[in-house]
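**Q** Show me the folded form of this:
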Amino acid sequence: MKTKSAKKMVAALCATVLTATGLSACGANDSKDDKAEVLTTFTILEDITANIAGDTLKVRSLTKPGAEVHGYDPSPSDIAAASDAELIIDNGLGLEHWLNKLTENSKAKRATASDGVKPIKIKGTDDPNPHAWMSPTIAKTYVDNIVKALSDLRPDNAKTYEDNGKKYKSKLDDVQSELREGLASLPHNQRALMSCEGAFSYLTHDAGMKEGYIWPVNNEGEITSQQITQAAQFVRDNHVPAVFCESTVEPGPKEQVMRDTGARDGGTLYVDSLSAADGPVPTYLDLLSYDAKTIVSGLTGKDTKK
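**A** Numbers count the residues shown, from 1 in each chain. The predicted model follows:
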């Protein structure tokens, strides 16, 4: 009985101290989740970062699967999330025009995944094409930059990040080989990609392909008849057998080019966002592999999606 009384007295004393100081419960386990939170600007960066971080950090994306990142407008809750993060990873290359609004009240460290990438300019402008992640080769630079950013944030885990980064880059090499090998059977004069948006400049450059598109990047106006005519001419000049379109844009313009040229529908390509977990591209590596197989299948007429 004395033991019970003593325990009650200790509990009462503890409660009094907690009320006065606001401390956590006496004798409670202090092993709270102290993982740093890393916020990325879109799902592709989230997936790359999560693969490098493993279970050492909490990684999440500001935008959700399927979202259009170009014209994104951060909400008050997004801005609050940025203020809670210890590190924010963005793409750079002019993709996130809204980034300053997001981070103006945040003390988080910043890292730009595309640092060191030689930009390809959007045709007719001095602006960089932001879609550098669409090249598996350039994506290895993204990995290196993210490894460094995470290592600076948590130096004790630097070896883990380095090892995970090396494994991830090996997988990127596999996807690049898959694309090159798939295109090997296609005559050189037919190695051309025609899509709705000019989002594949880096991929086509690495694969030795010509690139055609209906509009350059992030079109906000009406598609003109001149753009359709120029796209159709590219298809004819380069004997392009199939036309592709991105998942986040309307396929109407692609269908018009198909009617004008007789080209077949090459399929849907994924660029700015991953799909939901039960969709075709739940991870970044899935996205690259899916697009590579879709392009090869569309241009060669062979079913490579097996």
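**Q** Longest helix in this structure, please.
**A** In the chain, with assignment by DSSP state H, the single longest helix is helix 158-183.
**Q** Which parts of it count as buried, going by neighbours?
**A** By neighbour count, with 16 or more other CB atoms under 10 Å as the criterion, the buried positions of helix 158-183 are 160-161, 164-165, 168-169, 171-172, 175-176, 178-179, 182-183. Bear in mind the C-beta positions are built from the backbone N, C-alpha and C, glycine included.
**Q** That helix packs against which elements?
**A** Counting contacts by 3 or more CB pairs under 8 Å, 6 or more residues apart in numbering; DSSP states H and E, helix 158-183 packs against helix 43-53, helix 136-153, helix 201-207, helix 284-300.
**Q** and among the ones you listed, the most buried is which?
**A** helix 43-53 (a mean of 24; mean count of other CB atoms under 10 Å).
**Q** Name the residues that touch the very next helix or strand once past it?
**A** Proceeding N to C from helix 43-53, the next assigned helix or strand is strand 58-61, under DSSP states H and E. The contact list for strand 58-61 (CB atoms under 8 Å, 6 or more residues apart in numbering) reads 33, 35-43, 45-46, 49-50, 53, 81.
**Q** Nearest to Gly266, out of these: which one, please.
**A** Distance to Gly266, by CB to CB, is smallest for Thr43 among the contacts of strand 58-61, at 23.6 Å.
**Q** pretty sure that closest one is in contact with Tyr270, am I right?
**A** No: between Thr43 and Tyr270 there is no contact under CB atoms under 8 Å: 10.4 Å.
**Q** rewinding a little: could you export the helices and strands packed on helix 158-183 as CSV, including mean pLDDT and distance to Ala192?
**A** Shown next, in CSV, are these (pLDDT from 0 to 100; distance: least, CB to CB, whole Å):
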stretch, mean pLDDT, distance to Ala192
helix 43-53, 97, 25
helix 136-153, 97, 19
helix 201-207, 93, 8
helix 284-300, 93, 8
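**Q** Can you lay out these as JSON lines showing distance to Val240?
**A** JSON lines is the format used below for the helices and strands packed on helix 158-183 (distance: least, CB to CB, whole Å):
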{"stretch": "helix 43-53", "distance to Val240": "27"}
{"stretch": "helix 136-153", "distance to Val240": "22"}
{"stretch": "helix 201-207", "distance to Val240": "12"}
{"stretch": "helix 284-300", "distance to Val240": "8"}
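**Q** so which of those helices comes closest to Ser247?
**A** If we rank those by CB to CB, the stretch that ends up nearest is helix 284-300, at 9.8 Å.
**Q** Any idea how far that closest one is from the middle of the chain?
**A** The chain centroid and the centroid of helix 284-300 are separated by 16 Å, computed with CA atoms, centre = their mean, to the nearest Å.
**Q** could we number from 184 for the rest of this?
**A** In the new numbering, first residue 184, that becomes helix 467-483.
**Q** Would you mind writing the CA trace of it as CSV?
**A** C-alpha atoms of helix 467-483 as CSV (Å, rounded to 0.1, in the frame of the first residue of the first chain):
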residue,chain,number,x,y,z
TYR,A,467,10.6,8.2,-61.4
LEU,A,468,12.4,5.1,-62.8
ASP,A,469,9.1,3.7,-63.8
LEU,A,470,8.4,7.0,-65.6
LEU,A,471,11.7,6.9,-67.6
SER,A,472,11.3,3.3,-68.5
TYR,A,473,7.6,3.7,-69.5
ASP,A,474,8.4,6.7,-71.7
ALA,A,475,11.3,4.9,-73.3
LYS,A,476,9.2,1.8,-74.1
THR,A,477,6.3,4.0,-75.3
ILE,A,478,8.6,6.0,-77.6
VAL,A,479,10.3,2.9,-79.0
SER,A,480,7.0,1.0,-79.5
GLY,A,481,5.4,4.0,-81.1
LEU,A,482,8.2,4.7,-83.6
THR,A,483,9.1,1.1,-84.4
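**Q** which helices and strands sit right next to it?
**A** Judged by 3+ CB pairs under 8 Å, 6+ apart, helix 467-483 is in contact with helix 226-236, helix 319-336, helix 341-366, strand 425-429, strand 447-452.
**Q** C-terminal to the shortest one, what's the next element?
**A** Put plainly, it is strand 425-429. Heading C-terminal from strand 425-429 (DSSP H and E), you reach helix 435-444.
**Q** what angle sits between that following helix and strand 447-452?
**A** Orientation of helix 435-444 against strand 447-452 (axes from the mean of the first three to the mean of the last three CA atoms, to 10 degrees) gives an angle of 160 degrees.
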